[in-house]
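Q: build the 3D model from these lines:
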Amino acid sequence: MGKVVFENLQVYQLSEKLADLLWEIVIRWNYFERDTIDKQLVRCADSIGANIAEGTGKGSFADNKRYAKIARGSLYETKHWLRRAYKRNLLKHDETTQLKSLIDELLPRLSAYINSIGTVSKNKNSMDD
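A: Coordinates of the predicted model:
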């Protein structure tokens with residue numbers, strides 16, 4: 001597996017953007033909201049980038065793909081907690097719009113990244129034959 005610098009991956013950069021925006025929003029919530037929804041939301045949002053980073057460091061395409069899929073699961077969990085926050089009137093309209101835009105960009109890119117893991121090597125090998 002070729003060395004991938006996770007910081008250079010667009011999916012990683014988008015996941016950081018999402019996690020940072022969420023942090024800016026939830027840090028202003030009251031104690032009860034922060035103690036319930038906030039902790040779950042921040043953990044799963046931070047987990048997206050953490051799993052992308054961890055997967056690139058594992059050393060195999062299979063591990064990288066597995067961790068990228070875990071990252072995608074964390075993105076879906078983030079969506080769940082955002083829906084709960086929205087239903088409980090914790091998010092402003094503009095915050096919801098920003099977050100939805102980031103998620104709508106990140107989800108297909110993350111899926112494409114998952115599908116691409118290992119394919120460059122396979123294509124290269126077949127061209128060498």
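Q: mind listing what I114 touches?
A: K65, A68, K69, R72 (C-beta atoms under 8 Å, 6 or more residues apart in numbering). Where you see a C-beta, it was placed from the backbone N, CA and C, and this is true even at glycine.
Q: report how many residues lie close to the residue lying closest to G49 once chain neighbours are set aside.
A: Among residues not flanking G49 along the chain, S15 sits closest, at 3.8 Å (C-beta to C-beta, 6 or more residues apart in numbering). By other C-beta atoms under 10 Å, the residues close to S15 number 29.
Q: most neighbours among the contacts of I114, which one is it?
A: A68 leads the contacts of I114 on contacts (other C-beta under 10 Å) with 25 neighbours.
Q: okay, and the closest residue to it other than its chain neighbours sits in which element?
A: Closest residue to A68 apart from its sequence neighbours, by C-beta to C-beta, 6+ apart: I114 at 4.7 Å. Per DSSP states H and E, I114 falls inside helix 93-116.
Q: for that helix, list the C-alpha coordinates in PDB.
A: The C-alpha trace of helix 93-116 is given here as PDB (Å, rounded to 0.1, in the frame of the first residue of the first chain):
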ATOM      1  CA  HIS A  93     -31.700  27.600  10.400                       C
ATOM      2  CA  ASP A  94     -28.400  28.900   9.000                       C
ATOM      3  CA  GLU A  95     -26.500  26.300  11.100                       C
ATOM      4  CA  THR A  96     -28.600  23.500   9.800                       C
ATOM      5  CA  THR A  97     -28.100  24.700   6.200                       C
ATOM      6  CA  GLN A  98     -24.300  24.900   6.700                       C
ATOM      7  CA  LEU A  99     -24.100  21.400   8.300                       C
ATOM      8  CA  LYS A 100     -26.400  19.900   5.700                       C
ATOM      9  CA  SER A 101     -24.300  21.300   2.900                       C
ATOM     10  CA  LEU A 102     -21.100  19.900   4.400                       C
ATOM     11  CA  ILE A 103     -22.600  16.400   5.000                       C
ATOM     12  CA  ASP A 104     -24.100  16.400   1.500                       C
ATOM     13  CA  GLU A 105     -20.600  17.100   0.100                       C
ATOM     14  CA  LEU A 106     -18.800  14.700   2.400                       C
ATOM     15  CA  LEU A 107     -21.000  11.600   2.100                       C
ATOM     16  CA  PRO A 108     -20.600  10.900  -1.600                       C
ATOM     17  CA  ARG A 109     -16.900  11.800  -1.500                       C
ATOM     18  CA  LEU A 110     -16.400   9.400   1.400                       C
ATOM     19  CA  SER A 111     -18.200   6.700  -0.400                       C
ATOM     20  CA  ALA A 112     -16.100   7.400  -3.600                       C
ATOM     21  CA  TYR A 113     -13.000   7.300  -1.400                       C
ATOM     22  CA  ILE A 114     -14.000   3.900   0.000                       C
ATOM     23  CA  ASN A 115     -14.600   2.500  -3.500                       C
ATOM     24  CA  SER A 116     -11.200   3.900  -4.700                       C
END
